[in-house]
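Peer 1: sequence first, predicted model second:
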Amino acid sequence: MNKRVSDKAKRTVSSWLLLLPGVALMSMFTVYPIFKNIYLSFCKTGFRYKVPKWVGTANFSALFADPVFWKVLKNTVAFSLMTVLPSMIIGFLLAIILNSKFRGLRFLRTAYFYPVVMPMIAVACIWRYLYMPENGMFSSLIYSIFHTRIGDLLSRTETVLPALAVMYVWKEIGYVMIFFLSGLQNMSEEYFEAAMIDGGNFWQILTRVTVPLMAPTTLFVTMIEITNSIKLVDHVVILTQGKPNNGSNLLMHYIYQLGYEFFDQGKAAAVTSILLVILLLSSLPRFFNSDRAIHYN
Amino acid sequence: MKKRMISLMLALVMLSCFCGTVANAEKTTDVQFYFAIVAGGALQQTMDAFVSEFNETHPEYKVEMVYTGTNDDNIIKLQAAAQAGTMPQFYVAPYNDLYLLDSLGIISSMDDLVAADEDGEAYIDSFLDSFIRDSYIDDHLISIPFARSCCIFYYNKDAFREVGLDPEVPPVTWDDLVEYAQKLMKTDANGNVERYGFGLCENQGHSQWPYSILTAQNGGVSNSAAGTETYFTSEASINAGQWWVDLHHVYKCVPDYLLAFEDMPNMFIDGKLAMMQHTSGNLTNIYSNADFEVGVALIPYSKIQTSSTGGQCFFMSPDCTPEEREASWRFIRYCTEPEQQARWCAACGYLATVEGAYETDIMKEYMEKVPGVQGALDQLHAGAVTEIATYECHQMWSLVNDYVQAAIMQDMTVEEAMTELQKKADAILSEYR
Amino acid sequence: MRIKNKAAIAVAFLFGALMLIPLLWMIGTAFTETSFKMRIIPNTPFTLDNFKEVFTMIPLGQYYLNTIVIVVLTFSIQFVIITLGGYALARGDFYGEKLVMAIIFMQLIIPNDVLIVPNYLTMVDLKMVDTKLAIMLPFLGSAMGLFLLRQQFKTMPAALTDAARIDGASTMRIIWQIYVPNAKTAYLAFAMISVSYHWNNFLWPLIVTNSVSKRPLTVGLAVFAKSTETALLWGDICACAFVICAPLLILFFIFQKQFINSFASSGIK
């Protein structure tokens, strides 16, 4: 008994020594900033303040009273919906296709996945010209086929978020697809054969066998995708800077804008605190199943 | 013996080095300045040339330049330098950031230098009025116009001819402009617009420019001279906004979307925009790429003929010795001599800030290649106001953009938008009053 | 579940072709003379002028070097940190294990990318703004890497280490000579994720640096794309984007399977 305890004590010392650099860095740049951020949320900062000045809940009440904040919040939710759902559905269908066997699979896998390895900044720079009005790529393409001008998709309230979402989904489906693909590949073919013998058609097999079996993967991918779509900001910086009238301003971009364009880091911290709450809430399902927090084959 | 000789020689060498530095230290005053450009290109080459020429011809001074990247980077670096006590003696920054720089405590008046200089007054008088006017806070000179530009009116003469307008008679008033623009609209068989009559920039980060112009043309002012008040709800401002919105929804002679500053030159060169308000910085680009005859004219106005300026100025840091101030002043004066301004203008596409530059051979040659420069100069003579400049100007510009866009998209009426905008502006500026 | 339907396969190919449009357009535009009429397959003559222009207009060489330094250093340091930590976590059974796991989960849920404001102020306090180290620091303690290695090390049979221990091998020797060589796939996976993440990272480097000598390619491209107002820029932008994307794309085309498996084996990019 005594030996076991001293064994564990010894192991504790060596374990902590081994973990020291990792834990120190994580504490410094993940744990500490979370608390620091909460503190900053209650401060006023800017050019005129050498040190942050405590102002209580002023930042939050200013935010809650500002329609722009609510608009940004709404945009963020809308953008998440517009990106997560389509990329999940398309990614899932593509995974089913890639799980089959036919000539040209390698080509398709490349075509579906390559955007994932490109920097979002480069992607956004290219898509800016694809979306450019009048002589832009899509505009000319659509004009040559349908003889109609689509104008500037990035400057209309109704089209700007969907346009950003299309680009995002294009970049992201390959990433979603591979999780479903590995999920499918880990699934025994017997399930499907049994269902096939029972006379199920494709649609029945899909809805009654595949989808339920893929539920854990789906949950996991949803979590990741929500986080990814929330934390991304590169596309807004390059393509719209939030125009028109904050119609494409998303939380992360709003934080960047407040903190580094308007030099109001207190308010930026307040928005960050709200974002932290959103991230925590959206990952609650992961807590209930913590050993699967990372999808690991 | 040999050893002693060597040490003696070493001592002599060291002594002479020491004397050399002492002598130099007595003679030269070292100054450093920050310049907001991304390294590379004509800007850097020309500025490098100015620095080395100045250092050669003025052995008593030594100027060192530090590239600080974009304007945003420049501000952040200046802020960091101010906090760390490593401020450069002077720097180049956007002219309308002056109140922002003031709130950082990093500007100083150059009145003393003008007064001390034998031809100080004449020097200041040599600048174009439209440019030097932007350089004052409370009648104190706080900047020297250097890399400046102006919003000018471009039009496509071939398109004018095509629709039976005289290409030598550009529109003068807002009413003319609307009439011309409507005539210049061209649609294809399916009703798609092939060419828009007119365009001004409306996307994020740029619509404060046309806003300032339209308001000033209407006889209004955007902000107080102290940078602490804005007048968005004035009649001039609201009418200007209304006319802008009407261009979209009543006269229908501009694109039915928010036109992006960066897209406009392309659209103009491609013949998709018949007339536009844009920066003089695009003159070279447009003259060398358009395959039609380009015209540059005064911006059509309602009550007052005016445009708005842009670009960067030299500012001086408050914490430097009189010698350093003198050295900085000499260099700033060197860069704003007619010859240098002409070179800067011809190489980089800015408008020379001193009247004399336009008489130089370099400039004459350049203006032969890009005749529109004359049009820009005419605009500067006719008038150009400061773009909205207040404390917290970045936030202010962003707000103006938001509400101009809201009004154009008819999310709210112009009056509502301007009222909301004024409320937000007051909330920001009240701290500074 | 497999697809045999010909129509479905045709749709899959059509979709694949659509996915390729931006890439084809980028490459086509980068290598041809720019024209106002954009086409997926350009019909203007081949040229390398766009690349020449980009290389004279922006210090791409410097940006490239910065990115490579950042990517290589980041991964090397991460490699050491996650190996040591991953071993301790896989061995488990020590006081405070739950706390460490909690910290790891915290980073998995709240990625450092959203903590830009407090982390920036920390860098100000540390006087490290505008250094390459500041770009790397927040990512060096990688929760994902630790977790990945913990899982991988856990699958190793205890017999392996027991034998070594009896032979008198130290913990360090056990880690570097037994654990590391046997976890190649996990390392490869993490390397690919780490490299592509830091090659592509933008917002944090943008905020924490402001000099050409420290900034990575992504920031260089963004600054270039936003700083110019001249016409017909898309040829230059495409050339620049191509230069930035090329290394990862080429690696991906060659090591496609490994890339895909790497991404699949992690939850975080």
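Peer 2: Yep, that arrived.

Peer 1: what does chain B put close to chain C?
Peer 2: B:38-41, B:67-70, B:73, B:76-77, B:80, B:261-262, B:265-266, B:269-270, B:279, B:281-282, B:285-286, B:289 (Cβ under 8 Å from any Cβ of the partner chain). Yep, even glycine has a C-beta here, placed from its N, CA and C like the rest.

Peer 1: the same query, at a cut-off of 7 Å, please.
Peer 2: B:38-41, B:68-70, B:73, B:76-77, B:80, B:261-262, B:265-266, B:269-270, B:279, B:281-282, B:285, B:289 (Cβ under 7 Å from any Cβ of the partner chain).

Peer 1: and those, which are buried?
Peer 2: Buried subset of the residues of chain B next to chain C (neighbour count, 16 or more other Cβ atoms under 10 Å in any protein chain shown): B:38, B:40-41, B:68-70, B:73, B:76-77, B:80, B:261-262, B:265-266, B:269-270, B:279, B:281-282, B:285, B:289.

Peer 1: out of these, which sit inside helices?
Peer 2: Residues of these located in helices (DSSP state H): B:41, B:73, B:76-77, B:80, B:265-266, B:269, B:285, B:289.

Peer 1: between these, which is closest to A:Leu206?
Peer 2: Sorting those by how near they are to A:Leu206, with Cβ to Cβ, puts B:Asn266 at the top with 47.1 Å.

Peer 1: for the closest one, give its distance to A:Arg128.
Peer 2: 12 Å (Cβ to Cβ, to the nearest Å).

Peer 1: go on, B:Lys77?
Peer 2: Distance, B:Lys77 to A:Arg128, using Cβ to Cβ: 28 Å.

Peer 1: give the contact list for the residue lying closest to B:Thr390 once chain neighbours are set aside.
Peer 2: Spatial nearest neighbour of B:Thr390, excluding adjacent residues (Cβ to Cβ, 6 or more residues apart in numbering or on different chains): B:Gly227 at 4.5 Å. Going by Cβ atoms under 7 Å, 6 or more residues apart in numbering or on different chains, B:Gly227 touches B:99, B:389-391.

Peer 1: out of these, which is nearest to chain C?
Peer 2: B:Ala389 (20.8 Å; Cβ to the nearest Cβ).

Peer 1: contacts only, for that closest one.
Peer 2: Contact analysis of B:Ala389 by Cβ under 7 Å, 6+ apart lists B:96, B:98-99, B:223, B:227.

Peer 1: how about 8 Å then?
Peer 2: Neighbouring residues of B:Ala389 by Cβ atoms under 8 Å, 6 or more residues apart in numbering or on different chains: B:95-99, B:134, B:223, B:227.

Peer 1: residues from the stretch 151-297 of chain A in reach of chain B?
Peer 2: Checking the stretch 151-297 of chain A against chain B by Cβ under 8 Å from any Cβ, the hits are A:151-152, A:155-157, A:240-246, A:257, A:260-264.

Peer 1: switch to 6 Å and redo it
Peer 2: Residues of the stretch 151-297 of chain A lying close to chain B (Cβ under 6 Å from any Cβ of the partner chain) are A:151-152, A:155-156, A:241, A:243-246, A:261-262.

Peer 1: tabulate these (CSV), appending pLDDT.
Peer 2: Shown next, in CSV, are those (pLDDT from 0 to 100):
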residue, pLDDT
A:Gly151, 85
A:Asp152, 90
A:Ser155, 89
A:Arg156, 89
A:Gln241, 91
A:Lys243, 87
A:Pro244, 92
A:Asn245, 92
A:Asn246, 94
A:Glu261, 87
A:Phe262, 88
